[in-house]
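[1] Below are the sequence and a predicted model for it; my questions follow.
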There are 2 protein chains.
Amino acid sequence: MRVLIMGAGALGSILGGFLARAGHGVTLVGRQAHMDAIRTGGLRVTGIWGAHQIAGMKTFTAAAEVSAGDFDVVFIAVKSYDTARAIGEVAHLLSEDTLVCSYQNGLGNAEAIAEVVGWARVVEAMVIFGVQIPKPGHVDVTVIARPTALGVYHEDAPVGRVQAFAKTLDDAGLPTVYSEQIAGELWRKVAYNSALNPLCALLNVPYGKLPEMEETRAMMADIVAELYAVAAAREVTMEPPTSGEYMTLFYEKLVPPTAAHYGSMHEDFRRKRRTEIDALNGAIVQFGDGLGVDCPVNRMITRLVKARERSLKGEV
Amino acid sequence: MRVLIMGAGALGSILGGFLARAGHGVTLVGRQAHMDAIRTGGLRVTGIWGAHQIAGMKTFTAAAEVSAGDFDVVFIAVKSYDTARAIGEVAHLLSEDTLVCSYQNGLGNAEAIAEVVGWARVVEAMVIFGVQIPKPGHVDVTVIARPTALGVYHEDAPVGRVQAFAKTLDDAGLPTVYSEQIAGELWRKVAYNSALNPLCALLNVPYGKLPEMEETRAMMADIVAELYAVAAAREVTMEPPTSGEYMTLFYEKLVPPTAAHYGSMHEDFRRKRRTEIDALNGAIVQFGDGLGVDCPVNRMITRLVKARERSLKGEV
């Protein structure tokens, strides 16, 4: 399999690394320091999937430097706010048969990709393992909640090929399954993230504190209820089917294992960098607006996170 | 005039001090350190109303220690969340002719007082000057936006006496007027405070930054629009009459002089103490709930402030 990883940060480079280790042809496009380190000494992997030193990947810092190469699949692994830019940059590398997989967080990425390549070639991934880059060239895998799910949105999509991709990834050591309900899988993960991530950042408390206050419980219930209303309007099949049942699952099963965790937005605030709020609560609001479903609580959370982001970055 | 000040903090002690300086009989009930300092060395006043050293006030640390004394007026000057407790504590000191004046911030204080003494004896004050206590026994007056307004809510209230009180306060050096529209005055100040104070605290930015971001502008517009909707349902006459006109006034005239200011909730967060959110955004929500006016943005802000308060105080 010939694979291009656009945005080889933590997620993208472990994906590329494990595929390369399994003998596939991998090209990475990522940041200078990380790419330099991988080119010079290979990718170092540590954590729950063992210790590996992986060589043999091609590295670039811009898609424009990559020569067209009959890629079977291009994985988009940039931050959600960069998806539109990234798909534009790799457009010249796509042949008619190249599939494009959003290997990212949040909502709206598939839509941005489909605008360029059409829905039939979009593959969605629901990625739910944790990785970080302690230093350039080194990826540490910290946690996996469930296998990554791959799936498609359109009846014309090549399901057989995508199922084969899922098996290829799984065989390469990246737990992966094919899902018939990829939209529901993704929205379910967004429910978790939208409830916890911004409140953790705004209130400066770990995930486990949020179920302990009646005010945050009420806000999280509203966030998820609005998400479920938008999902229903979009005909996304949710599991569990109601937001009330989701909240029970959330408190009983989903939050406890990550009680000590601080989300990505908390880290983004600390580093004064852009958050992915537009792909989480912001996307719920956007989709809701398009369908006439009002989402006042998600709108408010989105505005607060953006205002905090701006003020931390010194934009006002 | 015989006056009891219940809750002689910064506002209450400058009020009592200036009345005492004008020859009125003043009894203060306040915190130990401040009362001790005033009893020993008098009240030191500095700031925009000049430097004064004021002696002759009676000081107590609990209303139970005060002996009934034909008070003409009892000023309630405690934090809003303590109003119900305070009025209960002074109940034994009230004669049939004693008026009770809420010399406080926010909404809901008059209601708590009326529950004990009836609406006809409630006097409302809209206080809009800034004071602080640099150390016990010393009050510094930092700013005055407009004269304090006194007014009543009920047709049976002794308007003549309240007008005379307003003149007495004004003569004593505390700029004060009588207002026919005290509810509107109060709600207008609450609009200003509810829009700026919690966002300043949650986002850690001074008032002047809040009009500079589209997200905070949108939130403040929502906060004030909800307040106006509740005010309309309560038949409170607002000036200006629409929230849109208020926002214009707010950006052009009200915020600029206080652009460098951080609100009381910011200070409350810093000191890990309780805020007055329940008398501001929280009161808008409460009154709205009672009248069938939904206030999702004020509800959300209230919950966030309370959750932050709890986590800072280490309650979770």
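    In hand now; what should we look at?
[2] Pull up the gap between A:I128 and chain B, please.
    26 Å (CB to the nearest CB, to the nearest Å). Quick note: C-beta positions are derived from backbone N, CA and C, even for glycine.
[3] Over to A:L254?
    Going from A:L254 to chain B by CB to the nearest CB gives 18 Å.
[4] After the longest helix seen in chain A, which helix or strand is next?
    The longest helix of chain A (DSSP state H) is helix A:182-203. Beyond helix A:182-203 in the direction of the C-terminus, DSSP states H and E gives the next helix or strand as helix A:214-233.
[5] Pull the residues that contact that next one.
    With CB atoms under 8 Å, 6 or more residues apart in numbering or on different chains as the contact definition, helix A:214-233 has outside contacts at A:184, A:187, A:190-191, A:194-196, A:199, A:203, A:209-211, A:238, A:242-243, A:246-247, A:250, A:281, A:284, A:287-288, A:291-293, A:295-298, A:301, B:300, B:302-304, B:306-307, B:310.
[6] could you point out which element follows that helix?
    Next helix or strand after helix A:214-233 toward the C-terminus (DSSP H and E): helix A:243-249.
[7] what about that following helix, near chain B?
    No - interface with chain B: helix A:243-249 contributes nothing (CB under 8 Å from any CB of the partner chain), its closest point being 15.9 Å away.
[8] Run the chain-centre distance for that helix.
    Put simply, helix A:243-249 sits 23 Å off its chain's centre (CA atoms, centre = their mean, to the nearest Å).
[9] hmm, who's touching the following helix or strand past it?
    Note on helix A:243-249: by DSSP H and E, the next helix or strand toward the C-terminus is helix A:264-270. Residues outside helix A:264-270 that contact it (CB under 8 Å, 6+ apart): A:105, A:197-198, A:200-201, A:204, A:274-277, A:305, A:308-309, A:312.
[10] Near chain B, list only the ones from the residues you listed.
    Residues of the contacts of helix A:264-270 in contact with chain B (CB under 8 Å from any CB): A:N204, A:R308.
[11] Type out the ChimeraX command that picks the buried ones from the contacts of helix A:264-270.
    Selection of the buried residues among the contacts of helix A:264-270 in ChimeraX, burial being defined by 16 or more other CB atoms under 10 Å in any protein chain shown:
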select /A:105,197,198,200,201,274,275,276,277,305,308,309,312
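[12] Going by proximity to chain B, name the top residue of the stretch 51-200 of chain A.
    Per CB to the nearest CB, A:L199 is where the stretch 51-200 of chain A lies closest to chain B, at 7.6 Å.
[13] these two touch, right, that residue and A:K209?
    No - if you go by CB atoms under 8 Å, A:L199 and A:K209 don't touch, sitting 9.3 Å apart.
[14] and A:D170, how far is that from A:D156?
    25 Å (CB to CB, to the nearest Å).
[15] Which of the two has more residues huddled nearby?
    Legend: neighbour count by other CB atoms under 10 Å in any protein chain shown for A:D170 and A:D156, higher for A:D170 (16 against 11).
[16] sorry, back to before: by contact count, what packs against the longest helix of chain A?
    Judged by 3 or more CB pairs under 8 Å, 6 or more residues apart in numbering or on different chains; DSSP states H and E, helix A:182-203 is in contact with strand A:122-126, strand A:148-152, helix A:214-233, helix A:243-249, helix A:264-270, helix A:281-291, helix A:296-312, helix B:296-312.
[17] Only the buried residues of the helix or strand hosting A:I38, if you could.
    A:I38 belongs to helix A:32-41 when assigned by DSSP H and E. Buried positions in helix A:32-41, judged by neighbour count with 16+ other CB under 10 Å: A:H34, A:M35, A:A37, A:I38, A:R39.
[18] Then stretch A:290-302?
    If you call a residue buried by 16+ other CB under 10 Å, then stretch A:290-302 has these buried ones: A:V293, A:C295, A:P296, A:V297, A:N298, A:R299, A:M300, A:I301, A:T302.
[19] can you tell me if stretch A:76-90 touches chain B.
    No - using CB under 8 Å from any CB, stretch A:76-90 never reaches chain B; the gap is at least 15.5 Å.
[20] give me every residue that touches A:F60.
    Contacts of A:F60 by CB under 8 Å, 6+ apart are A:T27, A:L28, A:V29, A:M35, A:V66.
[21] What parts of chain A come near chain B?
    Contacts of chain A with chain B, taken as CB under 8 Å from any CB, map to A:199, A:202-205, A:209, A:212-213, A:215-216, A:218-219, A:222, A:296-297, A:300-304, A:306-308, A:310-311, A:315-316.
[22] Kindly recompute the last result at 6 Å.
    Residues of chain A found near chain B (CB under 6 Å from any CB of the partner chain) are A:203, A:205, A:209, A:212-213, A:215-216, A:218-219, A:296-297, A:300, A:303, A:306-308, A:310-311, A:316.
[23] The closest residue to chain B within the stretch 101-250 of chain A: how many residues sit nearby?
    Residue of the stretch 101-250 of chain A nearest chain B, by CB to the nearest CB: A:E215 (3.8 Å). The burial count assigned to A:E215 is 21, neighbours taken as other CB under 10 Å.
[24] pLDDT at the residue nearest to it when sequence neighbours are not counted, what is it?
    In space, and not counting its chain neighbours, A:E215 is closest to B:R303: 3.8 Å by CB to CB, 6 or more residues apart in numbering or on different chains. Listed pLDDT for B:R303 reads 98.
[25] do A:F129 as well
    The predicted local confidence for A:F129 comes out at a pLDDT of 88.
[26] That one and A:T142 touch, don't they?
    No - with contact defined as CB atoms under 6 Å, A:F129 does not reach A:T142; the gap is 8.1 Å.
[27] domains of chain A?
    Annotated domains of chain A cover A:2-180, A:183-312 [automatic domain parsing].
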